[in-house]
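[1] Here is my input, please return the structure:
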Amino acid sequence: MKNWKRMAWLIVVTALVAGCSRPVIREHAQPSKAKDTYLRIKRVAIFPLENYSETRDAEKMVDALLVPALRLEKVFNEVEDTRFTRDVMKKLKITGTDILEKEVVRKLGDEMNVQAIVYGKILGYGKGKEKDASSQVTMDMAMVEPSTGSVLWVGNVSAIGGLTAGKIFGVTEGKTDVEVARDAVRALASRLADEIRRAREQERKGIVAELKKEEEIEKARLDKLKGETGKIQEQLDKAKAEAGAIRDAASKEAQAVKSDLEMQKAALDAEKARTTSAQQDIEKEKMKVEMEKRKIEEDAKRIGEEKKRLEELKKKSEGAIKEEPVKEGASPAAPAPAPAAPAPPPAAPAGTPAQ
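    Below you'll find the predicted structure:
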């Protein structure tokens, strides 16, 4: 029975000791200013911690614990340690992180290509001055967005080594400074990671809700367009029917015009044939007239030549009469008979123009 009581008392004491050594955390996260503020954070950089404790190089010991603690949470794709950050700060001639301005933070973020910067202060580190004082670590930490300079998360942790079972029973002296610092850093890193996961989930829900809202708006717009399209389709069908009627009427009218044109063409062809035949008759008559005209011209020429010959004969006869002496007692010789008049030209055929 006594052993059982002793074991129960040991369990209670151990539980109390564990409760006393649990880190106390106070933290606060800013709501997303953009719908994907936390979802965009994939790569972060750790700034050198500021040491305000009385323990020398406390910031280096905590820094050595902070980087692996954040990487262990796997909430970021990459966590750049302070060595890389110090090189960039040296390049940009930045000496401290306690008075970082927004423009400086933006330049740092651009230079390191990170979406968030984690920085902090060591406020207390190590054992107190009192006898048998436990190790304790107190630190502040914050995460800032370089592109806007906005502080996304702030946290504070206080961890005390407290009593341990080993110290109670005189086996050990309790938790060391590094162990207390490890508990504090892990607790703060875990709280930061949990807050980022929660914020990302909220952003995803917000994005999904916004997408659903946009989908509903788009659906309503599509339904409206569908109704308007239906009306337009009715108008198109009506216009199509009217166009069909107009097309049919135009086709009938075109057919009638075509028939009329064909009849006119046939009449024109007949008139053309008749005109051609008449023209041929005229050409034949013209040739006939030309032949008659040539004949008349030839007859006229022949008559002229005959007339000229007769006139020459007449002149010769008259000359001969004048030269022949008239004998005494003899009666003058009778004049030579006049030449017969030329026969008149044949009458022109009917319808021939007079020459």
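[2] What are the neighbouring residues in contact with the spatially most central residue of the chain?
    The residue lying closest to the centre of the chain (C-alpha atoms, centre = their mean) is Glu218, at 20.7 Å. With contact set as C-beta atoms under 8 Å, 6 or more residues apart in numbering, Glu218 has no partners. Yep, even glycine has a C-beta here, placed from its N, CA and C like the rest.
[3] Could I get the average pLDDT for the helix or strand hosting it?
    Per DSSP states H and E, Glu218 falls inside helix 177-323. On average, the pLDDT along helix 177-323 is 90.
[4] What of stretch 30-45?
    Stretch 30-45 comes out at a mean pLDDT of 88.
[5] just stretch 138-157 next, same as before
    pLDDT averaged over stretch 138-157 gives 93.
[6] Give me the distance from that stretch to the chain's centre.
    42 Å (C-alpha atoms, centre = their mean, to the nearest Å).
[7] next one: stretch 176-192
    With C-alpha atoms, centre = their mean, you get 53 Å for stretch 176-192.
[8] Quick check: buried residues in it?
    177, 179-192 (16 or more other C-beta atoms under 10 Å).
[9] With just CA atoms, put it into PDB.
    Taking only C-alpha atoms (Å, rounded to 0.1, in the frame of the first residue of the first chain), the coordinates of stretch 176-192 have been written out as PDB:
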ATOM      1  CA  THR A 176      19.700  23.400 -19.000                       C
ATOM      2  CA  ASP A 177      19.500  26.800 -20.800                       C
ATOM      3  CA  VAL A 178      19.700  25.200 -24.200                       C
ATOM      4  CA  GLU A 179      16.900  22.700 -23.400                       C
ATOM      5  CA  VAL A 180      14.600  25.500 -22.100                       C
ATOM      6  CA  ALA A 181      15.500  27.600 -25.200                       C
ATOM      7  CA  ARG A 182      14.700  24.600 -27.400                       C
ATOM      8  CA  ASP A 183      11.300  24.200 -25.800                       C
ATOM      9  CA  ALA A 184      10.500  27.900 -26.200                       C
ATOM     10  CA  VAL A 185      11.600  28.000 -29.800                       C
ATOM     11  CA  ARG A 186       9.800  24.800 -30.800                       C
ATOM     12  CA  ALA A 187       6.600  26.000 -29.100                       C
ATOM     13  CA  LEU A 188       6.800  29.400 -30.800                       C
ATOM     14  CA  ALA A 189       7.600  27.900 -34.200                       C
ATOM     15  CA  SER A 190       4.800  25.400 -33.800                       C
ATOM     16  CA  ARG A 191       2.300  28.200 -32.900                       C
ATOM     17  CA  LEU A 192       3.500  30.200 -35.900                       C
END
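[10] Show me what counts as buried in the host helix or strand of Lys90.
    In this structure, Lys90 sits in helix 82-91 according to DSSP H and E. Across helix 82-91, burial judged by 16+ other C-beta under 10 Å covers Thr82, Thr85, Val88, Met89.
[11] Give me the helices and strands touching it, please.
    strand 43-46, helix 102-112 (3 or more C-beta pairs under 8 Å, 6 or more residues apart in numbering; DSSP states H and E).
[12] looking at the ones you listed, which has the lowest confidence?
    helix 102-112 has the lowest average pLDDT among these, namely a mean of 89.
[13] Toward the C-terminus from that one, list the very next helix or strand.
    Using DSSP H and E, the first helix or strand after helix 102-112 is strand 116-127.
[14] Within the sheet, what are the partner strands of the helix or strand following that following strand, with directions?
    Next in sequence after strand 116-127, counting helices and strands by DSSP H and E, comes strand 135-145. Strand 135-145 has its sheet partners listed here by DSSP bridges as strand 116-127 (antiparallel), strand 150-160 (antiparallel).
[15] Compute the inter-axis angle for strand 135-145 and helix 102-112.
    Calculated by axes from the mean of the first three to the mean of the last three C-alpha atoms, to 10 degrees, strand 135-145 forms an angle of 90 degrees with helix 102-112.
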